[in-house]
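Student: just to be clear, the model below is a prediction. Sequence and coordinates:
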Number of protein chains: 2
Amino acid sequence: MSQQKLILDGARVAQEIKDQLAERVKALTAKGIVPCLATILAGDDPASATYVRMKGNACRKLGMESRRIELPKETTTEQLIAAIRELNEDPAVHGILLQHPVPSQINERAAFEAIDIRKDVDGVTTLGFAQNAFGFAAYPSCTPAAIIAILDYYRIPIEGKHAVVVGRSPILGKPVSLMLLNRNATVTVCHSRTRGLEQAVGLGDIVVAAVGKPSFIQGAWLKEGAVVLDAGYNEGNVGDVDYESCLAKASAITPVPGGVGPVTIAMLLKHTVEAAERAAQ
Amino acid sequence: MSQQKLILDGARVAQEIKDQLAERVKALTAKGIVPCLATILAGDDPASATYVRMKGNACRKLGMESRRIELPKETTTEQLIAAIRELNEDPAVHGILLQHPVPSQINERAAFEAIDIRKDVDGVTTLGFAQNAFGFAAYPSCTPAAIIAILDYYRIPIEGKHAVVVGRSPILGKPVSLMLLNRNATVTVCHSRTRGLEQAVGLGDIVVAAVGKPSFIQGAWLKEGAVVLDAGYNEGNVGDVDYESCLAKASAITPVPGGVGPVTIAMLLKHTVEAAERAAQ
């Protein structure tokens, strides 16, 4: 194999972001403001519980506060919204993260919408989404922001490249497509109803997998030398990308774990610190 | 030429929409509510003045009211927003259309944002945009909605097709891309920084031209049998599509004039009637 393979090391990207944040957290704390992220977990999905715990731990390591709201799995939409409203009104809370998926009886969109835009550090409100689509969001969705941050860290050009996004969810596929578009990529969005998915993926200089199917994207589908970003997180720490076959064809690839995941958490911390800085002004 | 060419007749589509609306306008009027669209024209751009006049005339023909606000070209953002707020608060006004482009000293985004979501019949607010992106907008942007309406009128399938959108403006390229995506097309968005535009356009079973350059899209770029929707309106009534060469290659095409334009106005009327119906409830 003559070609150099670049493993896009998310832990390293995340560490650089967190090192820069540590200074800002110190400066805020000196002014008596400790940036605080509130996480809300409804139900007892073990994976969700793990994510929430990781986010809380990441806050504390950086000298930030975290507040953990846990609600039973029978929680109604109204109860969840009431909990969100309480956090909206609490000046000690700077960012609110509602861990998804929520239990099926809850209207997830209504719950997201209840988050104050100033505390929407995960970019889940419609207003946050649209501001992101137009390129002036305070806090873009964290996973899409992480994908862009990884490309930027490794100085992988986006402008003029053909980016193929597999997946179209409101919190991942759609916002990352718009962010890549705003960075002047030509963007193709594929999904479950796409015909000729293999050919479509093969168009991509940059391929973002955001489909939620373990090891789905095959190396044989890729353009030689593609840059592959795997935003998937499936049971057993498996991404949406068939890693070995994609590694063979790609010029650069994020592993799972240790790729997009850690940077997503770093972006969440960054947005929370920024929200605290804005609140302090 | 053995292949049948379908000229997508926007006037016909618009007429059907307006015929259906006429009944609804009558029903509202019988209840003492006359649907009213307020148009705001800032400055003296002759093309904009023509569009505004056409929209007003279309309202009157349907038994609706129209109110025309004209502001001098020196209007400030604050003055424009004050005019919008007045219309927001006026219960006799059901829809507000701010004709764009606005004079360069005005912050167009701030002005759009001032429009009450309940009266945003042109889908220009960030909230309207995001609701459209997520597939639950009250009033999607009119030109994107017109493009979908034309495809539906002629029963041209969208699901599973590859749609290529050339252009990425917040009021046209981006929303139409998301609407096509929500209708299960695979969507590629191209723009001024796209490399290999001709090849990208050649992917499209459906091609939407929303680029603002007269006769820009060439027939030679098209896939044989593509469906071409020309959302351009350039000086001299010329679209963004080189009509003759594209007609030769396409299976269906919108002319300019008489294609997307009349349907856009019909969608604006439709959204205004719907806003009046909601206000009446």
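Tutor: Yes, it's here. Numbering: from 1, shown residues only, chains lettered A, B, ... in the order given.
Student: any idea how chain A splits into domains?
Tutor: Here the domain parsing of chain A from automatic domain parsing is A:32-116, A:142-262.
Student: return the most buried member of the ones you listed.
Tutor: domain A:142-262 (a mean of 22; mean count of other C-beta atoms under 10 Å in any protein chain shown). All C-beta spots, glycine's among them, are computed from the backbone N, C-alpha and C.
Student: quick check: mean pLDDT of that one?
Tutor: Mean per-residue pLDDT for domain A:142-262: 97.
Student: distance between that domain and the chain's centre?
Tutor: Here domain A:142-262 is found 13 Å from its chain centre; the criterion is C-alpha atoms, centre = their mean, to the nearest Å.
Student: check whether that domain comes near chain B.
Tutor: Yes - shown here: domain A:142-262 in contact with chain B (C-beta under 8 Å from any C-beta of the partner chain) through A:159-160, A:162, A:168, A:170, A:174, A:177-178, A:181, A:184, A:186-191, A:193-196, A:200, A:203.
Student: so, low pLDDT: which residues of the stretch 1-150 of chain A?
Tutor: A:1-3 (pLDDT under 70).
Student: contact partners of the helix or strand containing A:Val165?
Tutor: Taking DSSP states H and E as the definition, A:Val165 sits inside strand A:162-166. Applying C-beta atoms under 8 Å, 6 or more residues apart in numbering or on different chains, the contact partners of strand A:162-166 are A:173, A:176-177, A:180, A:185-191, A:197, A:200-201, A:203-211, A:216-217, A:240, B:195-196, B:200.
Student: how about the strands in chain A?
Tutor: Secondary structure of chain A (DSSP state E): strands located at A:6-7, A:36-42, A:65-71, A:95-98, A:162-166, A:186-190, A:206-209, A:227-230, A:252-253.
Student: just checking, what packs against the last one?
Tutor: In terms of contact count using 3 or more C-beta pairs under 8 Å, 6 or more residues apart in numbering or on different chains; DSSP states H and E, strand A:252-253 is assigned the packing partners strand A:6-7, strand A:227-230, helix A:243-249.
Student: can you say which of these is nearest to A:Lys270?
Tutor: Each of these has some distance to A:Lys270 by C-beta to C-beta; the shortest is strand A:227-230, at 18.5 Å.
Student: other SSEs contacting that closest one?
Tutor: In terms of contacts (3+ C-beta pairs under 8 Å, 6+ apart), strand A:227-230 is packed against helix A:142-153, strand A:206-209, strand A:252-253.
Student: got a markdown table for those, with distance to B:Phe112 too?
Tutor: Below are those laid out as a markdown table (distance: least, C-beta to C-beta, whole Å):
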| stretch | distance to B:Phe112 |
| --- | --- |
| helix A:142-153 | 24 |
| strand A:206-209 | 30 |
| strand A:252-253 | 39 |
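Student: of all the ones you listed, which one comes closest to B:Leu151?
Tutor: Judged by C-beta to C-beta, the one of the helices and strands packed on strand A:227-230 that comes nearest to B:Leu151 is strand A:206-209, at 27.7 Å.
Student: neighbouring strands - and their directions - for the closest one?
Tutor: Within its sheet, strand A:206-209 is paired with strand A:162-166 (parallel), strand A:227-230 (parallel), according to DSSP bridges.
Student: tell me which residues are up against that strand.
Tutor: By C-beta under 8 Å, 6+ apart, strand A:206-209 touches A:147, A:151, A:156, A:158, A:161-167, A:173, A:176, A:180, A:185, A:201, A:216-217, A:222, A:226-232, A:239-241.
Student: what of stretch A:124-131?
Tutor: Contact with stretch A:124-131 is made by A:98, A:112-113, A:115, A:117, A:120, A:123, A:137-141, A:170-171, A:174-175, B:126-127, B:129-131, B:133-134, as judged by C-beta under 8 Å, 6+ apart.
Student: ok so, going back, of the domains of chain A, which is nearest A:Arg278?
Tutor: Closest approach to A:Arg278 among these is made by domain A:32-116 (8.4 Å; C-beta to C-beta).
Student: which residue packs closest to A:Ile171, ignoring adjacent ones?
Tutor: Distance criterion C-beta to C-beta, 6 or more residues apart in numbering or on different chains; nearest residue to A:Ile171, sequence neighbours excluded, is A:Ser141 at 5.4 Å.
Student: what is the burial count for that neighbour?
Tutor: Neighbours of A:Ser141 under the rule other C-beta atoms under 10 Å in any protein chain shown: 29.
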